[in-house]
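*Asks:* Model the structure of this input:
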Amino acid sequence: MWIRFIAEYCPKVPFILKIDDDVAVDYIGLLRYISEAEYAEKFFSAYCSGLALILTGDTIRPMLSVAQKAPFIWGLMWIRFIAEYCPKVPFILKIDDDVAVDYIGLLRFLSSRVRRRYIPLKKLVMCHIMEGSAAIRDKRSKWYISEAEYAEKFFSAYCSGLAFILTGDIIRPMLSVAQKAPFIWVDDFFLSGYLAVKANAILEGIGSLYELNANKALDAMKNGLKLFAVVRNVDHHKLVWKELSSRYE
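*Replies:* Modelled structure (predicted):
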């Protein structure tokens, strides 16, 4: 987030200092140090300690470009974490931070289907399925993906990243597929449309349980109509959560 903030609001600053909160800094000494003519040779060492590092302003936008593709890495990390530390969990819920969830309703939904044996307990991903999404070739777009990364004009079916549920047994197969997978930075597609599908998962559409219009989130969740709802911001999320909680008091 700080990289994006600087890129948008402080694009011309010559230097950026990043420090941890347990580090004291001699700011006057630092200013003297970077005022010397030879500064360019001082700031590009092979390794920077996480305690404190100094960046020149022109490194920020390239870093932001790389950071935009970081969800690809994060997706692999949580899959690996679950495979190593939570290998026996029956379900995994992945949600974005702008999605409100009726957790009690979700538990009832899953419990009911398991009791009735309505769903297979093997290699299943339940989600709002995206179909026919075009691969964006406009380099100005946030969602640009080159033909080298993904050759097809359209993505095959995959899950909206807002929220999806996986059965636990699909995690290790997905991790195994990931070892040999090509780099596809569009993480929603990569995780559910590529890794899960290559691991022989079934995608089941439960889109009727999602409210995608944030203006309708409060009523949808308060009245028990949906399990997932997009929210506008943190305050809106708190309001939805308060109303949702009151249903179960």
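*Asks:* and the protein, what are its domains?
*Replies:* Taking automatic domain parsing as the reference, the chain has its domains at 2-66, 70-209.
*Asks:* Check those domains for me: which has the lowest mean pLDDT.
*Replies:* Here the lowest mean pLDDT among those goes to domain 2-66, at a mean of 56.
*Asks:* mind checking how far the closest residue to S246 other than its chain neighbours is from W241?
*Replies:* The shortest distance from S246 to any non-neighbouring residue, by CB to CB, 6 or more residues apart in numbering, is to K222 (8.0 Å). Heads up, the C-betas are built off the backbone N, CA and C, glycines and all. With distances taken as CB to CB, to the nearest Å, K222 is found 11 Å from W241.
*Asks:* same thing with A199?
*Replies:* Counting by CB to CB, the gap from A199 to W241 is 34 Å.
*Asks:* Give the residue from those two that has the larger number of neighbours.
*Replies:* Applying other CB atoms under 10 Å to A199 and W241 shows that A199 carries more neighbours, namely 19 against 16.
*Asks:* residue contacts, that one?
*Replies:* K123, I170, P173, M174, S176, V177 (CB atoms under 8 Å, 6 or more residues apart in numbering).
*Asks:* Over to S133?
*Replies:* Per CB under 8 Å, 6+ apart, neighbours of S133: F154, F155, Y158, F189.
*Asks:* Need phi/psi at it.
*Replies:* Backbone torsions for S133, taken as degrees, to the nearest 10, come to phi -70, psi 130.
*Asks:* for this structure, longest strand please?
*Replies:* Looking across the chain with DSSP state E, the single longest strand is strand 158-167.
*Asks:* Contacts for whichever helix or strand comes after it, please.
*Replies:* As assigned by DSSP states H and E, the chain's next helix or strand after strand 158-167 is helix 171-178. Helix 171-178 has contacts (CB under 8 Å, 6+ apart) with 76, 79-80, 82-83, 87, 92, 123, 191, 194-196, 198-201.
*Asks:* and which of the residues you listed is nearest I104?
*Replies:* Within the contacts of helix 171-178, proximity to I104 (CB to CB) peaks at I92, which comes in at 18.0 Å.
*Asks:* Once you drop chain neighbours, what's closest to Y158?
*Replies:* Distances taken as CB to CB, 6+ apart place G193 nearest to Y158, at 2.7 Å, with adjacent residues excluded.
*Asks:* any idea how far N233 is from the one you found?
*Replies:* From G193 to N233 the distance is 29 Å (CB to CB).
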